[in-house]
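*Asks:* Just a sequence and a predicted model for now, questions to come.
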Amino acid sequence: MSQNPIIDVLMQRVSLRKYAERSISQEHKEMILNAAMRAPTAGNMMMYSVIVIENQDTKDTLSKTCDNQPFIAEAPLIMIFAADLQRWYDYFELSSVGEYCKKRGLEFTGPSVAELFLGCSDALIAAQNAVIAAESLGIGSCYIGDIMENYEIHRDLLALPPYVFPIAMLCLGYYPKGKRLQPKERFDTKYIVSEERYQRLEPVDLKAMFAQRESRVMPGNPYEAENFGQFMYARKLGTDFAREMSRSIKKAMEGWYV
Ligand SMILES: Cc1cc2nc3c(=O)[nH]c(=O)nc-3n(C[C@H](O)[C@H](O)[C@H](O)COP(=O)(O)O)c2cc1C
């Protein structure tokens, strides 16, 4: 304990995948959403939207479309954070910004990938505010990155217009009674933080950085991996769901100006 309640919440947070069987109170839901909306946002433009989901059918679908993770269906509350340029560009149209630009010799391209990156930044920062606010209320959460997969299915399921891209999903629920999960280990700060200039790690540093995780790769693992690098590639980046994510993002990006 640090004597600082905010730091304590940050240090004790874990991703929670098993929730108490009760719905989140309206008061807590509003507190979480209000805290999310206080997040910093580029140009104070709030280029994001939050979709709150409690409908069981929708949760059941998401638990399948987000790489078959059954605990998603059991989360009392789901929030999807999406980069949203649609709202601004609808407003620009209403404000005749196209004509205005033509008159003034300015380029008017439509939503760009650069704006999408800003929208994603906004959405993720707001999501993390929600995580910490929830945590402080005894509500655990887990991010689901797989919401970026199956773009067409999620677009139809959530009625997303063309310039809204779901970048993160949160499953939320009260902590169940009993012992709390221990926070997971992290890499040592010295491998992650450098001073003044980026420091690319030498092989000897990489070996030291991964030494502890290396010991977890058991002989006879299902991927026939001989080390942690092979194991993680086989488990995460080299999988069908990773390929589906790339395909889905490419599809979602079709209308954006590069
Ligand atoms: C962008 C992002 C995507 C994630 N996607 C998933 C996911 O699809 N399923 C899951 O169970 N956990 C997911 N997680 C949670 C991570 O697995 C978790 O944060 C990590 O293992 C570290 O554990 P901790 O959060 O308890 O410290 C995701 C986390 C982030 C930040």
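*Replies:* Sure, I can see it.

*Asks:* How about the residues of the stretch 51-200 of the chain by the ligand?
*Replies:* Proximity of the stretch 51-200 of the chain to the ligand (Cβ under 6 Å from any ligand atom) is limited to residues 69, 142, 143, 144, 145, 146, 168, 183, 184. Every residue, glycine included, has its C-beta placed from N, CA and C.

*Asks:* what about 8 Å?
*Replies:* For the stretch 51-200 of the chain, the residues in contact with the ligand (Cβ under 8 Å from any ligand atom) are 66-67, 69, 71, 142-146, 168, 181, 183-184, 186.

*Asks:* Give me the buried subset of the residues you listed.
*Replies:* 66, 67, 69, 142, 143, 144, 146, 168 (16 or more other Cβ atoms under 10 Å).

*Asks:* Now distance to residue 238 too, for the residues you listed, in CSV please.
*Replies:* Below are those laid out as CSV (distance: Cβ to Cβ, whole Å):
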residue, distance to residue 238
66, 19
67, 14
69, 19
142, 23
143, 21
144, 20
146, 16
168, 22
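
*Asks:* about what we covered before: can you flag which of the residues of the stretch 51-200 of the chain next to the ligand belong to strands?
*Replies:* Counting by DSSP state E, those place 142, 143, 144, 168 in strands.

*Asks:* Okay, the closest residue to residue 45 other than its chain neighbours and residue 111: tell me how far apart.
*Replies:* Distances taken as Cβ to Cβ, 6 or more residues apart in numbering put residue 88 closest to residue 45, at 6.6 Å, once the chain neighbours are dropped. Noted for residue 88: a distance of 8 Å to residue 111, by Cβ to Cβ, to the nearest Å.

*Asks:* These two: which has the busier surroundings?
*Replies:* Per other Cβ atoms under 10 Å, whichever of residue 88 and residue 111 has more neighbours is residue 111, with 23 against 18.

*Asks:* residues contacting that one?
*Replies:* Counting by Cβ atoms under 8 Å, 6 or more residues apart in numbering, residue 111 makes contact with 85, 86, 89, 163, 255, 256, 257.

*Asks:* hmm, 10 Å instead?
*Replies:* By Cβ atoms under 10 Å, 6 or more residues apart in numbering, residue 111 lies in contact with 47, 83-86, 88-89, 92, 119, 162-165, 255-257.

*Asks:* picking up where we left off before, list residues touching both of residue 88 and residue 111?
*Replies:* Shared contacts of residue 88 and residue 111 (Cβ under 10 Å, 6+ apart): 47, 119, 163.

*Asks:* can you put the residues you listed in JSON lines and add secondary structure?
*Replies:* Shown next, in JSON lines, are those (DSSP: H, G, I helix; E, B strand; the rest coil):
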{"residue": "47", "secondary structure": "coil"}
{"residue": "119", "secondary structure": "helix"}
{"residue": "163", "secondary structure": "coil"}
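
*Asks:* what's next to stretch 19-36, contact-wise?
*Replies:* Contacts for stretch 19-36 (Cβ under 10 Å, 6+ apart): 48, 50, 52, 54, 71, 74-77, 79, 81, 123, 125-142, 170-178.

*Asks:* hey, what's the residue nearest in space to the middle of the chain bridged with?
*Replies:* In the chain, the residue lying closest to the centroid (Cα atoms, centre = their mean) is residue 168, at 3.0 Å. Counting by DSSP bridges, residue 168 forms beta bridges with residue 81.

*Asks:* quick one: contacts for it?
*Replies:* Residue 168 neighbours (Cβ under 10 Å, 6+ apart): 48, 79-83, 120, 123-124, 126-128, 130-131, 143-145, 147-148.
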